[in-house]
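[1] Quick one, structure for this:
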Amino acid sequence: MLVTAHRRESFGAPFQAICSSLAGLAQREDVEILFPLHPNPQLRRAAEQALAGLPRIRLLPPLDLPCFVRLMQRARLILTDSGGVQEEAVALGKNVLVLRDATERPEGIEAGAALRVGTDPARILHAAERLLDARPAPETRSHVYGDGHAAARIAAGLLGREVDEFARNWPRIEGLRRIG
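    Model prediction:
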């Protein structure tokens with residue numbers, strides 16, 4: 001499992017609740033929990049006090065993007081309060097539990113590619129255990145946040161090439177076929 005938690009609304013009791021659920025999940029013999037800690041000293045201290053020394057929990061320093069993406073690729077389950085990680089994990093076909101009561105990325109939840117559980121330890125534990133106990137399913141990548149070809153379309157548009165591939169799934173709007 002890979003965990004990220006760093007949002008301001010998670011500080012204090014919500015963060016403690018997240019840590020409590022992680023401690024509960026660490027009782028399982030079939031998990032290893034990797035938790036790259038945010039550089040914020042308040043969060044680091046709280047995580048270290050609640051989780052340091054527990055079996056199957058590895059508190060990690062902040063990671064660079066390539067290393068973090070590799071961990072996302074290898075994770076079976078991702079728990080996060082990060083909007084960006086929600087999108088990336090869904091695009092990678094990973095099970096995602098959103099550790100927030102509200103998110104600015106509702107598309108993943110509406111598409112069934114992520115599950116919002118908030119910070120209640122019982123909800124987190126129940127959802128995580130249900131996903132961990134399920135038979136491993138093949139990765140099902142969702143294109144709810146895009147199909148990964150935006151950069152190529154932008155480059156084509158900037159070079160004056162047709163961008164019909166982008167326009168194909170959108171209503172015909174004059175001027176959408178060419179950029180520039």
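[2] Residues touching the helix or strand encompassing residue 127, excluding its own?
    For residue 127, the host element (DSSP states H and E) is helix 121-133. For helix 121-133, the surrounding residues in contact (C-beta atoms under 8 Å, 6 or more residues apart in numbering) are 1, 17-18, 20-21, 24-25, 28, 30-31, 76-77, 79, 95, 97, 99, 115, 117-118. Glycine gets a C-beta too; all of them are placed from N, C-alpha and C.
[3] In helices, which of those fall?
    With helices taken from DSSP state H, the overlap with the contacts of helix 121-133 comprises 17-18, 20-21, 24-25.
[4] Out of those residues, flag the one nearest to residue 107.
    residue 18 (23.3 Å; C-beta to C-beta).
[5] Could you report the neighbour count for that closest one?
    As a burial measure, residue 18 scores 26 neighbours (other C-beta atoms under 10 Å).
[6] ok, it touching residue 9?
    No. The criterion here is C-beta atoms under 8 Å, and residue 18 misses it with residue 9 at 11.6 Å.
[7] what's the overlap in contacts for those two?
    Shared contacts of residue 18 and residue 9, defined by C-beta under 8 Å, 6+ apart, are found at residue 81.
[8] Have a look at this protein and report the helix or strand with the lowest mean pLDDT.
    Least confident element among the helices and strands of the chain, by mean pLDDT, DSSP states H and E: helix 164-167 (a mean of 52).
[9] Where does the prediction get shaky in the protein?
    Within the chain, the set of residues satisfying pLDDT under 70 comprises 135-148, 163-180.
[10] And the strands in it?
    Ranges of strands within the chain are 2-4, 33-36, 57-60, 77-80, 95-98, 115-116, based on DSSP state E.
[11] quick one on the thing from earlier: switch the ones in helices among the contacts of helix 121-133 over to TSV; also include distance to residue 44.
    Shown next, in TSV, are those (distance: C-beta to C-beta, whole Å):
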residue	distance to residue 44
17	17
18	14
20	17
21	19
24	21
25	20
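[12] For those residues, which PyMOL command selects only the ones that are buried?
    Only the buried entries of these go into this PyMOL selection, using 16 or more other C-beta atoms under 10 Å:
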select buried, resi 17+18+20+21+25
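[13] Show me the two of the ones in helices among the contacts of helix 121-133 that sit farthest apart.
    Pairwise distances across those (C-beta to C-beta) peak at 12.9 Å, for the pair 17 and 25.
[14] tell me the contacts of residue 50?
    Residue 50 sits next to 16, 19-20, 22-23 when contact means C-beta under 8 Å, 6+ apart.
[15] burial count for residue 28?
    A count of nearby residues for residue 28, using other C-beta under 10 Å, gives 15.
[16] repeat for residue 64
    By the criterion of other C-beta under 10 Å, residue 64 has 7 neighbours.
[17] Need the phi and psi values for it.
    Reported as degrees, to the nearest 10, the phi and psi values for residue 64 are phi -80, psi 160.
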